[in-house]
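> structure of the sequence below:
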Amino acid sequence: MAPPTYKILEFLKRRPGMSMDEFRDHYENVHRVLAEKYSAGLKRYLRRYLEPADGEEELPFDAVTELWFDDRPTFETVLGFLSRQELPAEIIEDELRFLDRPRCRTATVVEYESDMAEVARRHG
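Next up, the predicted model:
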């Protein structure tokens, strides 16, 4: 079994009056670039944009951001900064331009993954 991956998930809601296209464009072309300046210790940085299925109402969140870490100490350090809102001023200022910050949420994940090729070898 592979060692665990530690993740921080951020569930993000766009600012009222902003379209999904504007939200995605701002995140990918402005906020992502700012955030990457502070990405030391990050293994992966994913943004998943959510859209309701046809006929469904608007979802409570517009994107899920995944921050992946290989080690628990770095994960815990970043989580501490996020939970205490100790983010760089330029990050906070930019979030105010495109996020409905009171509606955003953070969660943590410790993920273990089975090696399915190994499972198939054992049971095949």
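> the longest helix in this structure is where?
Looking across the chain with DSSP state H, the single longest helix is helix 72-83.
> elements contacting that one?
strand 5-12, strand 63-69, strand 105-111 (3 or more Cβ pairs under 8 Å, 6 or more residues apart in numbering; DSSP states H and E). In short, each C-beta sits where N, CA and C put it, glycine included.
> tell me which of those strands lies nearest to Lys37.
Closest to Lys37 of these is strand 63-69 (Cβ to Cβ; 14.2 Å).
> parallel or antiparallel, list what pairs with that closest one.
Neighbouring strands of strand 63-69 in its sheet, by DSSP bridges, are strand 5-12 (antiparallel), strand 44-49 (antiparallel).
> just name the most buried of the ones you listed.
strand 5-12 (a mean of 19; mean count of other Cβ atoms under 10 Å).
> before we move on, back to that, quick one: which of the strands paired with strand 63-69 is nearest Asn29?
Per Cβ to Cβ, nearest to Asn29 of the strands paired with strand 63-69: strand 44-49, 11.8 Å.
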